[in-house]
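# Here's a sequence, model it:
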Amino acid sequence: MIKEHTNEKTIIEKLDLDGYVKQFKTFLAREKPVMMQGDINQHYRYIKALGKVQFPQPKVVPNLDHELARIKKQAVLSLDEIYAFVTMFSYFNTLSAVGFTEPLISWIQGIEIPDEIVEVIAYFTDEGDINPERDPTLFKIERAIKQNKIEIKETLYKLAHSSKLRDYLVDTQVHFNGGEETLLVRGGFNNAIKATVVARSSGGFFYILPQSISHLKEKESVLLSNKAEIIYRYCQDISVVFFKWERFLAFINKEYDRFDHYQARVSFARAKEYEFILPSKGKRIKLQDFAHPAIENPVPITMDFNKQIMLVTGVNAGGKTMLLKSMLSAVYLSKYLLPFKCDASQTEVGHYKSIEAVIDDPQSVKNDISTFAGRMKEFAKLFHKENAIVGVDEIELGTDSDEAASLFRVMLDALRKKGISFIVTTHHKRLASLMATDDEVELIAALYDEQRRMPTYTFLQGSIGKSYAFETAQRYGVPVSIVNKAKVVYGEDKDNLNELIERSTSLEREMRLKIAKIDAELNAVQKQKTMLEEEEFKLQESHRKAIATLENRYNAATKKAREALKVKESTEGRRLLNDAHQRKDFKPKEIAKIEALLKEGDKVKYRSHKGELLSLRGKDATIIIDGMKMRVPLSSLKRRGDTPKIKLKSKPKKVILNVEKSSVSVSVKLLGMYGDEAIDRVDKFLSDALVNGLNEVQIIHGTGGGILSKLVGEYLQSHPKIERYYRMQGNLGITIVEL
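The predicted model follows:
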């Protein structure tokens, strides 16, 4: 655990996060490591829920691990140690009144403080003292101590203003020295007053305690001793209670730390306007407007690292090292749910088991190791790690760049197969050229402003950057003549290569800008499309609501019509109501489409029978087959062809029908139907029965109030094709019809 804490401290310092962590810890109620134990996803849910409410700030409480160990041994705690536990109990009582949402509310309400502990809380005042009002003896002692102090003060005041001591007094104030009330006098005071010298001032004067108040001081000492005895008894009794509830105290101590972690993060994020990023399961690091907390006025970093190796090249002092530290810092801060500045909606940070930074130069007299040897030692450790992210600054530092490029190319390739990701900075293009063709390598160029002759602290993905060593030297004061001679020594061919690299970088940057512009325009079109889709949805919703309103009005109107018909039967009223139902249920477009196919007088085919269409009404049609009229569904008719319309005689001749029998029901149920709906169903049922040559059918209408049976009887009585009808014996809810 100590080694782990040391490693965390080292990585914090290497990434320049020590100032950030120090500032964060000022929001904690007590000192502790920044890391939290347990499920990070659960911690994230609690932190987000806590960020939605206002809560009281916890009081500063010392670490109580030592006190918990003493409680296990039945030791007697001091009043201050007991009050530290009481502070935690009281705080959780306060939190129970805060309007938390889930999951916080279940957690806080689940912490039930035992009645004996609640009784202990009541012993204390807000200042951490035993409440004297709960103990008459203590109350009397407190009053006596207070009165004694008043008497001491009054006695000293009289002495300070007495004439016999006036010539020896430096001033008339009462001075506290070593916890004692004293007077400040000059030498020779013993001629005027008997007193004890408590101390001597820097000016050569004396702080004295007059003997006239010595008896008052003795009385005060006795009172304080009596008070201490009473306090000690309370400490003994409370320590016994704490021993009984030792496990609960350990639990509350742990939960206080847990809540302290949450509240400190939320309070820090509010104070700094920072965002929380929950680590994702992948290994992608996508930063949008990230600002390293160590930089006062940073240029926001936007970077998408979705591969295993990021190789950063380019201008000197152009921010390569800070980019490396920023990427690792984002991983570290999100790993421990510490907030930072970024655009949270577009930022994604992967989870890594460990974070390593190979940044410092290890060479020193003390460790007797060269720079390159130190780097090799650091890399050797990486072969024992997995699922790590490693930052390496100036990777070829300390040896020949060409040899180092070949060595590091092979080592990086081997280490990434162990699941290790790298962010590497370099000034040398040999390594970049060796790794440029690898699909798992992301090339990053630090950009330089040629016109202003200074770095931009921005980066371009997919390019190798020029180092601009000569320009940097000139910018920092190296004479121009020296720089020009260096360029000659460097050689024209290498300079031309750098120009080609620079031109390639410029073209790449220009292309990225154009792509970004196209993306912006595409986003604008997409937003417009989204707006139109939303408007279409709103119109559809408005149309739906209008239809629903009309349907409600229709239902209300038909309901009133049915109620009116129940009071007074009307054949014409029922016909109009049926017509209204059909017009409502049958869509106008469908009616128009079918009517365009069929019209009155057309020869039609109904199942296996041939007939003529007499009339259309809604989604039903009236046809005549072999002199017999019937109403059938319009959708069941087919057109036969155009032949002269058959005229219906007033008294059709009696004909014999030879109808092919089909699977048709011999009964119909009307239970629960309205009268007009039931008659309509009976009409269609009898038509089908007649067409299919049935001799006897059943109409099931039930008994109920008798309304359906009455309506069915009236209809059957007027039907021309019914021989007779009667109620079934033993079941008056069924009518037998003979055709």
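# all contacts plus neighbour counts: C-alpha atoms, from now on.
Noted.
# Which element, helix or strand, includes Ile82?
helix 79-95 (DSSP states H and E).
# Quick one: name whatever helix or strand follows that helix.
In N-to-C order, the element after helix 79-95 by DSSP H and E is helix 104-109.
# So for that following helix, what gets flagged as buried?
Neighbour counts using 16 or more other Cα atoms under 10 Å place 104-105, 108 of helix 104-109 among the buried residues.
# Kindly export it (C-alpha atoms) in PDB.
Output of helix 104-109 as PDB, limited to C-alpha atoms (Å, rounded to 0.1, in the frame of the first residue of the first chain):
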ATOM      1  CA  LEU A 104     -28.000   8.600  -2.500                       C
ATOM      2  CA  ILE A 105     -31.300   8.500  -0.600                       C
ATOM      3  CA  SER A 106     -31.200   4.700  -0.100                       C
ATOM      4  CA  TRP A 107     -27.600   4.900   1.000                       C
ATOM      5  CA  ILE A 108     -28.000   7.800   3.500                       C
ATOM      6  CA  GLN A 109     -31.400   6.500   4.900                       C
END
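# moving C-terminal of it, what's the next helix or strand?
helix 115-122.
# Need the contact partners of that following helix.
With Cα atoms under 8 Å, 6 or more residues apart in numbering as the contact definition, helix 115-122 has outside contacts at 86, 89-90, 238, 241.
# buried sites along the following helix or strand past that helix?
Next helix or strand after helix 115-122 toward the C-terminus (DSSP H and E): helix 136-160. By neighbour count with 16+ other Cα under 10 Å, helix 136-160 contains the buried residues 138, 141-142, 144-145, 148-149, 152, 156, 159-160.
# What is the helix holding Ile82 packed up against?
Contact here means 3 or more Cα pairs under 8 Å, 6 or more residues apart in numbering; DSSP states H and E; on that basis helix 79-95 packs against helix 115-122, helix 214-244, helix 246-272.
# And that helix, how far out from the chain middle?
31 Å (Cα atoms, centre = their mean, to the nearest Å).
# Let me see the residues that make contact with that helix.
Contacts for helix 79-95 (Cα under 8 Å, 6+ apart): 55-56, 58-59, 61-62, 67, 108, 111, 113, 120-121, 124, 128-129, 231, 235, 238-239, 249, 252-253, 256.
# quick one, what contacts Leu156?
174, 182-183, 213.
# Would you mind reformatting these (as a markdown table) and adding columns for neighbour count and pLDDT while you're at it?
Below are the contacts of Leu156 laid out as a markdown table (neighbours: other Cα atoms under 10 Å; pLDDT from 0 to 100):
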| residue | neighbour count | pLDDT |
| --- | --- | --- |
| Val174 | 16 | 86 |
| Thr182 | 24 | 88 |
| Leu183 | 26 | 90 |
| Ile213 | 17 | 87 |
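# Could you report the pLDDT at the residue nearest to Ile213 when sequence neighbours are not counted?
Leaving aside its sequence neighbours, Ile213 sits nearest to Ile152 (Cα to Cα, 6 or more residues apart in numbering; 6.3 Å). We have a pLDDT of 88 for Ile152.
# Gln54 now?
92.
# so it sits in a helix?
No. Using DSSP: H, G, I helix; E, B strand; the rest coil, the assignment for Gln54 is coil, not a helix.
# That one: neighbouring residues, count only.
Neighbourhood size, Gln54 [other Cα atoms under 10 Å]: 11.
# give me every residue that touches it.
Going by Cα under 8 Å, 6+ apart, the list of residues near Gln54 is empty.
# now Ala556: how far from Thr549?
11 Å (Cα to Cα, to the nearest Å).
# Give the residues shared as contacts by those two.
With Cα under 8 Å, 6+ apart applied, the contact sets of Ala556 and Thr549 do not overlap.
# In terms of pLDDT, where does Val525 sit?
Val525 is given a pLDDT of 90.
# could you say which helix or strand contains it?
helix 492-567.
# rewinding a little: for ChimeraX, what selects the buried ones among the contacts of helix 115-122?
In ChimeraX syntax, the buried subset of the contacts of helix 115-122 is picked out as below (16+ other Cα under 10 Å):
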select :86,89,238
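# now, the most widely separated pair of the contacts of helix 115-122?
Ser90 and Val241 (16.7 Å; Cα to Cα).
# need the contact list for the spatially most central residue of the chain.
The centre of the chain sits closest to Lys48, judged by Cα atoms, centre = their mean, with a distance of 5.6 Å. Going by Cα under 8 Å, 6+ apart, Lys48 touches no other residue.
# Could you give the secondary structure assignment for it?
Strictly by three-state DSSP, Lys48 counts as helix.
# Let me know the average pLDDT across stretch 132-149.
So the average pLDDT for stretch 132-149 ends up being 91.
# Could you confirm Glu442 falls within a helix?
No. Read with three-state DSSP, Glu442 is strand and lies in no helix.
# Show me what it is bridged to.
Met310 (DSSP bridges).
# So it versus Leu694, what's the distance?
For Glu442, the distance to Leu694 - Cα to Cα - is 85 Å.
# More neighbours: these two, which one.
Glu442 (22 against 17).
# pretty sure the more buried one is touching Met303, no?
No. The pair Glu442 / Met303 is not scored as a contact, 10.9 Å apart, by Cα atoms under 8 Å.
# any low-confidence regions in the stretch 351-500 of the chain?
Along the stretch 351-500 of the chain, the parts satisfying pLDDT under 70 run over 361-370, 398-401, 448-456, 462-477, 480, 483, 486-500.
# where along it do the strands fall?
Remark: strands assigned in the stretch 351-500 of the chain by DSSP state E, counting those that start in this stretch are 354-358, 388-392, 421-425, 441-449, 454-461.
# mind giving me JSON lines with those strands and columns for distance to Glu31?
Shown next, in JSON lines, are the strands of the stretch 351-500 of the chain (distance: least, Cα to Cα, whole Å):
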{"stretch": "strand 354-358", "distance to Glu31": "24"}
{"stretch": "strand 388-392", "distance to Glu31": "28"}
{"stretch": "strand 421-425", "distance to Glu31": "33"}
{"stretch": "strand 441-449", "distance to Glu31": "40"}
{"stretch": "strand 454-461", "distance to Glu31": "37"}
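# For Glu127, give its distance to Pro56.
Taking Cα to Cα, one finds Glu127 at 18 Å from Pro56.
# I meant Glu442, not that one.
47 Å.
# Low-confidence stretches in the stretch 501-650 of the chain?
501-509, 562-596, 641-650.
# Minimum distance to Lys529: which of the helices and strands packed on helix 79-95 has it?
Among the helices and strands packed on helix 79-95, helix 246-272 comes nearest to Lys529, with 36.3 Å by Cα to Cα.
# Thank you, goodbye.
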